[in-house]
Structures are given as C-alpha cells and as structure tokens.
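Peer 1: sequence unavailable; structure follows:
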C-alpha cells in the first residue's frame, strides 16, 4: 500500500488492498464475473508484461485467478471501499468514449502554464520508474512526442496505463509536458 511506503513515487493504479471486493477495475474495463475471471484485472498485466496467454481472457488459469483473489482478501485489512473515488478520463478504446469530451479535457490541460522544474520532479516521481528503467520508451524518445503527453497520460496507450486525476492533476501533466518540451 502506497500509504505505508516512505518513498514519494506516484503510481498509475491503486493498491491491491481490497481488490477482491471492488465493483470494477481498470476504469470500468473489468466488472462482474470478469472481475473474478481476471483477478481484478491482474490478467491484463500478466498478458501485457509477462506475455502469458494469447489475450487477457486466457492469461490466467481459473486457479491462478482464484489464488490471486484469495491473496487480495488475505492481505486486505477489510475497510476498503468497493468503489474507488477517482475521476478518470475514458480512453479511446472505451465503448463509451466521447471524443468531444476528451478533446475538451486536453484543451484544459493545454491552457495551463507548466513549470519545467516542477515537471522534472513530477516526471521523476511518476514517469521515470518505467520510462528510465526500460519498461517504457526512454525520456529522450518521449521528448520528441511531448505534445502527445496529456492524451497518453490521461488515456493510456498500448501497455502504458492511464493516470486518473487523483494520481496526477491536470497541472501535474502540464508541468511534466513543459519539462519534456525543453
């Protein structure tokens, strides 16, 4: 649980604590029976990062999914809410995606004045753990696409998860973009 860690790293997702009781995960991508079958969305990570299975659907066996759900229950203190309070933007692959709303979200970020020094700090906390450690494109590559940063951070892309507003604010993203633009 991030609240127990002494580091100041910002992670895109939420703690596994209470994952067995959640109503949905991955911004609504997994819910109902799919939540159990994918072990609260862990199958997506197994497929994307461990290259297990041919899709999210077969990345975990039933026994593996059940074992993960039992583990989540075991490590959870019991007071976690079934619904997380976060304000996520839908991603372009979402069947409920509204391009007009998404564009307004991106315009709101573009209207903010970013701070490169603060952006450097935020990048180190939220982005560098993957992007400077071989899990994502290196910072030098991201700099070439700095204009795409807000959309990728808010909606995710390929294997990169999205960051909801409770993880990175619009100002945080504007600051990161300003740092990467220099």
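Peer 2: Here it is on my side, so go on. The model shown is predicted, which means the values in this text are computed figures rather than measured ones.

Peer 1: where does this protein have its least confident helix or strand?
Peer 2: strand 24-25 (a mean of 80; mean pLDDT, DSSP states H and E).

Peer 1: longest single helix anywhere in the protein?
Peer 2: helix 62-75 (DSSP state H).

Peer 1: related to what we said a few turns ago, residues contacting the least confident helix or strand of the chain, please?
Peer 2: Contact with strand 24-25 is made by 19, 30, 31, 35, 40, 41, 83, as judged by CB atoms under 8 Å, 6 or more residues apart in numbering. (Each C-beta comes from the backbone N, C-alpha and C, glycine too.)

Peer 1: got the buried residues for the next helix or strand along the chain from the longest helix of the chain?
Peer 2: Following helix 62-75 in sequence order, the next helix or strand is helix 99-110 (DSSP states H and E). Buried positions in helix 99-110, judged by neighbour count with 16 or more other CB atoms under 10 Å: 102, 105, 106, 109.

Peer 1: quick check: the two most widely separated of the contacts of strand 24-25?
Peer 2: Greatest spacing in these, by CB to CB: 41 and 83 (14.6 Å).

Peer 1: okay, the two: which has more neighbours?
Peer 2: residue 41 (21 against 9; other CB atoms under 10 Å).

Peer 1: for that one, which non-adjacent residue is closest in space?
Peer 2: residue 25 (4.0 Å; CB to CB, 6 or more residues apart in numbering).

Peer 1: look up how far residue 132 lies from that neighbour.
Peer 2: Distance of residue 25 to residue 132, computed by CB to CB, to the nearest Å: 27 Å.

Peer 1: in terms of neighbours, single out the busier of these two.
Peer 2: A direct count of neighbours by other CB under 10 Å for residue 25 and residue 132 places residue 25 higher, at 21 against 15.

Peer 1: for the more buried one, name its beta-bridge partners.
Peer 2: Residue 25 has these beta-bridge partners by DSSP bridges: residue 30.

Peer 1: just the buried residues of stretch 162-178, please?
Peer 2: Buried residues in stretch 162-178 (16+ other CB under 10 Å): 162-164, 167-168, 170-178.

Peer 1: so which of the residues you listed is the closest to residue 123?
Peer 2: Taking those together and measuring to residue 123 by CB to CB, the closest member is residue 176, at 5.2 Å.
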